[in-house]
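A.B. asks: Predicted model and sequence below, questions to follow.
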Amino acid sequence: MSRPNAALGAAISLVLLLAACGQSTPPTPPAPQVTVAAPVAQKLIDRDEYVGRFIAVDAVEIRARVSGYLEKIHFTDGQLVKAGDLLFTVDQRPFQAALEQARADLARAKSQAVLTAADLSRAETLLQQKTIAEALYDQRVQAKRAADAALQSAEAAVKNAELNLEFTELRAPVSGRIGDRRVSPGNLVTGGTTGNTTLLATVVSMDPIRFEFSFDEAAYLRYQRIATKAGRADERGTKLPVELRLLDEKGFEHKGTLDFVDNAIDPSSGTIRGRAQFSNATALFTPGMFARILIPGSPEYEALLVPDIAIGTEQIRKFVYVADAENTVRQKYIELGTLQGKLRVVKSGIEANDRVIVNGLMRARAGVKVTPLTEDEVKAQQQQQQKKK
C-alpha cells in the first residue's frame, strides 16, 4: 500500500475508534484573561539630571591683621558662629601701650597747635602796627602750618593705634560653620596684608547654600532656546525651579532655584557651569557634598504614561502589548521618556485609546486572542468568587 493511502486509512480508523468509544473532540480552551489599562494623559515637563557639589555662598580665611602672640581662642572647633562673634584674641598689651603713646603725642601736638595759633595772632596785630618785621611774621605763619600738620599726623597715629588694638580681636566676618583651629594659644601669629600671614581658621556660610554643576553645550542650547521662546532670553535659564536629592535619598525632595549660568563654555570639556541656591536652615547640606539635581529641560506638554511593568524589551527596542478591537494582542514599539513614580512616559508609539496589557504578560503573545479586563472588572470578578466560597 502506498504511503498516502496508509496515512488516510490510519486517520479513518482513529475516527471510527473514537466514535465507537463515544468520545468527542476536546473543546477549544477559552482565551486567557489579561488586565488592560488606558494610557494616562498628563501634562509634564522633561527634566534633566546632573551630578554636582555644594559650595558655600561665603568662604573666609581667618588671618590676623597684626602680628603678636595668640592669647585666647573663643570657639569650639566646628561650631556654628554668627557674624561679629569673637574668635581669637592676640596679646593686646603692646598695642594698648602704642595707643597710649599716640594719644600723648596727640596731646602734645594739640598744645603746640594752640601755642603757634596764639603766636600768629599776636604777630598779625604787631604787623598791623608795623612793630614787627614781615620775615618774623612769615616764620609764625610757617610755625602754625607745621603745628597743624603735626596735629593731623598725631590724630592719624591715634586712629592707626586704635585700629591695631581693635585688630587684636578677630571676629567672624560671616555667619556659618567654623573649622578647626590651626594655631594654639601662645604661638606667634604673623599678621598684615602680605602672603605669609598665619592662617588661623576658616568659616563657611551655611544658609543659604549653593549647588554647582556642569552641563554640555547641547543642553545649554536647548535651555537657551526654551528661554527665548518664553521671552526670557536675558535670564539664560535662571530663576527656574529645580529639585535635588542627596545620595541616600530616593526622591528629589529639596526645592531650590537656578540663580547663575556661566558666561563662557569651557573649551577643554565642552561644558558650561551652572549654579542653584537652596535653603539650608537645618544645616543638612555641607560644602563639598555630592548630590543630584533636576533641571527643567522642555516646555510643558501633554504626555501619555503607562505602568512601567507593562514595558518589554526586545534587544535594544522597547515595546508594549495592546489588545485591539477584536481582542487580539498587538505588539507596539515605543519611545520612552522619564519615569514618573510607577508610570513611564511614552513619547511615541501608542495612542490615547489603546488598551495596554499590564498584567498577564506571560499569557500574551502577538496575534493571540485574549480576554481583556480592566482592573475594576478584575476586582468585581474576585469579589464574586469570594462570595461563592
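C.D. replies: Thanks, I have the structure now.
A.B. asks: Show me where the chain has its helices.
C.D. replies: Counting by DSSP state H, the chain has helices at residues 3-20, 93-128, 134-167, 217-229, 375-388.
A.B. asks: Pull out the buried positions in the second one.
C.D. replies: Within helix 93-128, the residues scored as buried using 16 or more other Cβ atoms under 10 Å are 94-95, 98-99, 102, 105-106, 109, 112-113, 116, 119-120, 123, 127. For glycine as for every other residue, the C-beta is placed from the backbone atoms N, C-alpha and C.
A.B. asks: Can you tell me which of these is nearest Leu136?
C.D. replies: For the buried residues of helix 93-128, the minimum distance to Leu136 (Cβ to Cβ) is 6.8 Å, reached by Ala123.
A.B. asks: what's the nearest residue to that closest one if we skip its chain neighbours?
C.D. replies: Arg140 (4.1 Å; Cβ to Cβ, 6 or more residues apart in numbering).
A.B. asks: Am I right that that neighbour is in contact with Thr116?
C.D. replies: Yes. Contact between Arg140 and Thr116 holds when scored by Cβ atoms under 8 Å: they sit 7.3 Å apart.
A.B. asks: count of neighbours near the residue nearest to Ala123?
C.D. replies: 21 (other Cβ atoms under 10 Å).
A.B. asks: Pull the contacting residues for it.
C.D. replies: 116, 119-120, 123 (Cβ atoms under 8 Å, 6 or more residues apart in numbering).
A.B. asks: Pull up the gap between it and Glu375, please.
C.D. replies: 109 Å (Cβ to Cβ, to the nearest Å).
A.B. asks: go on, Gln92?
C.D. replies: If you go by Cβ to Cβ, the gap between Gln92 and Glu375 works out to 79 Å.
A.B. asks: out of those two, which sits in the busier spot?
C.D. replies: Gln92 (18 against 12).
A.B. asks: That one contacts Leu165, correct?
C.D. replies: Yes. With contact defined as Cβ under 8 Å, Gln92 counts as touching Leu165 (6.2 Å).
A.B. asks: circling back: between the buried residues of helix 93-128, which sits nearest Gln33?
C.D. replies: Using Cβ to Cβ, Phe95 comes nearest to Gln33 of these, at 91.1 Å.
A.B. asks: Find me the pLDDT at the closest one, would you?
C.D. replies: If you check Phe95, the pLDDT there is 93.
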